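>>> Give me coordinates for this.
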Amino acid sequence: MIEALRGEFPKARFIGIGGPKMAKAGCRLFADPTKNSAMLVGALAQAGYWLDLLKRLKKELALDKPDVIIPIDSPTVNLRIARLGKKLGVPVCYYVAPQLWAWAPWRIKEVRATVDTLCCVLPFEQHYFGHQGVHTVYVGHPLFDQAANRPEADPELVKPPLPAAPLRLALLPGSRKGEIAANLPPMLETFLTLRGKFPSIAAVAAAADAERAWQIRNFLPRYGAKIDVRTGVTDAVIRWADLVITCSGTATLQIARHHKPMIVLYHVAWWKWNLVGRFLIQSKFLCLVNILADREIVPEFMPFYGPVQPVIDAAGDLLANPDKRKAMSQELAALTAPMAAYSDQMPAARRVALEIAHLMAIR
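Okay, here's the model as predicted:
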């Protein structure tokens, strides 16, 4: 998005909250909270960090008033940032609409009061937010900006080669330290049990970076599991696999983009879910793919805190039945085809940049 904005405003300066990639794109980082990110009730433990950050950000914005504020995704902090913008008279373009249709729908009043333009990445969100009085634009999902079959995603080009095996299982335990610690153990237990039924099966775990790869490799000796761990080639690992077991989140849409059958799980301690989580979540499904389809296309075990046997059974059934895998693949292809076609016309970031340029022009 920063690169797209430079096309509209070559002399623009950027200050933001983000990670190394934003810094590399030319953004002066006010803070880097990427190692503090969390999902669901895990975010509650980080409230102090964010409250302190918001206090410092308020002073920063008052000293160096920006021309536009662009909150991205997470509403807990970003709606407060949008509120700061509103008080300063700064236009707010919110990119990646907060998922109020899944949880915290009461926040719609704050979105309506503080956001000038809401850029959503899921097709149904334009109607959801627009129907409630929010100026909303569907910009497409950035996952679909690049072709799914681009060379970097070709498993045949990965070096060293990915394992050759009659049955191939990919494991995507998450991109955060806490996610891997919670989701990898049931995934490994599932793989080890499946290996007894399918002796020729091979597994590859995809890691977001070297640190997460090290964490995954550290787990393997505890389970006696021999699994290839790869970094930076997640798309290729997905395309290599016959079946993917993944944690929840955007990864499910990434897998669907490649039309690969999947099973989704996300481990949450039972007490956290029953004390907090189940009162926050409003959607019928928790897996993004099933939410988009409004029905269960892929098996989801969320929240997962019980015995692993149901996951093993679902995986075993799919591995033993190529026709079921093919049917799921076809459903995923049909689901994602309109999103891919929309992104072919213009990348999401370019659409956002045009909306921001329009917003600033009318101010």
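>>> Contacts only, for Asp64.
Ile15 (Cβ atoms under 8 Å, 6 or more residues apart in numbering). (Glycine included, C-beta is placed from N, CA and C.)
>>> Which parts of the stretch 1-150 of the chain are helices?
2-8, 20-24, 47-63, 75-88, 108-114, 125-130 (DSSP state H, counting those that start in this stretch).
>>> Quick check, Met137 in contact with Leu118.
Small correction: residue 137 is Val, not Met. Yes: if you go by Cβ atoms under 8 Å, Val137 and Leu118 touch, sitting 7.2 Å apart.
>>> In terms of packing, which of these two has more residues around it?
Remark: of Val137 and Leu118, Leu118 carries more neighbours, 26 against 19, as counted by other Cβ atoms under 10 Å.
>>> Hmm, Gly133 and that one touching each other?
No: in this structure Leu118 lies outside contact range of Gly133 using Cβ under 8 Å: 10.8 Å.
>>> Now Trp50: closest residue in space that isn't a chain neighbour?
Val77 (5.2 Å; Cβ to Cβ, 6 or more residues apart in numbering).
>>> residues in contact with the one you found?
Val77 makes contacts with 50, 53-54, as judged by Cβ under 8 Å, 6+ apart.
>>> most remote residue from the chain's center?
Within the chain, Leu63 marks the point farthest from the mean C-alpha position, 33.4 Å out by Cα atoms, centre = their mean.
>>> Relative to Val77, how far out is that one?
20 Å (Cβ to Cβ, to the nearest Å).
>>> Give me the buried positions along stretch 192-206.
When burial is assessed from 16 or more other Cβ atoms under 10 Å, stretch 192-206 yields the following buried residues: 193-195, 198, 201-206.
>>> With stretch 349-363 instead?
So for stretch 349-363, counting by 16+ other Cβ under 10 Å, buried means 349-356, 359.
>>> go on, stretch 176-191?
Those would be 176, 179-180, 182-191, for stretch 176-191 by 16+ other Cβ under 10 Å.
>>> can the residues you listed go into a markdown table with extra columns for pLDDT, distance to Ile291 and secondary structure?
A markdown table is the format used below for the buried residues of stretch 176-191 (pLDDT from 0 to 100; distance: Cβ to Cβ, whole Å; DSSP: H, G, I helix; E, B strand; the rest coil):
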| residue | pLDDT | distance to Ile291 | secondary structure |
| --- | --- | --- | --- |
| Arg176 | 87 | 21 | coil |
| Glu179 | 90 | 19 | helix |
| Ile180 | 93 | 24 | helix |
| Ala182 | 89 | 21 | helix |
| Asn183 | 92 | 19 | helix |
| Leu184 | 95 | 24 | helix |
| Pro185 | 93 | 26 | helix |
| Pro186 | 93 | 22 | helix |
| Met187 | 95 | 22 | helix |
| Leu188 | 96 | 27 | helix |
| Glu189 | 95 | 27 | helix |
| Thr190 | 95 | 24 | helix |
| Phe191 | 97 | 27 | helix |
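>>> neighbours around Met302, how many?
20.
>>> tell me the pLDDT at it?
Note for Met302: predicted pLDDT of 78.
>>> Could you check how far the closest residue to Pro155 other than its chain neighbours is from Gln146?
In space, Pro155 comes closest to Trp240 once its chain neighbours are excluded; the distance is 3.8 Å by Cβ to Cβ, 6+ apart. Going from Trp240 to Gln146 by Cβ to Cβ gives 18 Å.
>>> Looking at those two, which has the bigger crowd around it?
Trp240 (28 against 14).
>>> Could you pull up the residues touching the more buried one?
155, 158, 162, 168, 170, 204.
>>> Name the nearest residue to the second one, ignoring sequence neighbours.
Residue nearest to Val158 in three dimensions, not counting chain neighbours: Ala236, with 5.0 Å by Cβ to Cβ, 6+ apart.
>>> Neighbours of Pro303, how many?
Count around Pro303 with other Cβ under 10 Å applied: 21.
>>> What of Gly7?
Neighbour count of Gly7, defined by other Cβ under 10 Å: 12.
>>> And the one 10 residues further on, by the same measure?
The tally of other residues near Ile17 (other Cβ under 10 Å) stands at 21.
>>> ok, now how distant is it from Leu157?
Taking Cβ to Cβ, one finds Ile17 at 36 Å from Leu157.
>>> Could you do Trp240 as well?
On the measure of Cβ to Cβ, Trp240 and Leu157 end up 11 Å apart.
>>> cool, and Val233?
9 Å.
>>> got it, and Asp116?
Distance from Asp116 to Leu157, by Cβ to Cβ: 44 Å.
>>> Look at those two and report which has more neighbours.
Asp116 (21 against 11).
>>> I'd guessed the more buried one sits against Cys93; true?
Yes: taking Cβ under 8 Å as the definition, Asp116 is a contact partner of Cys93 at 6.5 Å.
>>> Look up the residues that both of these two are in contact with.
Leu359.
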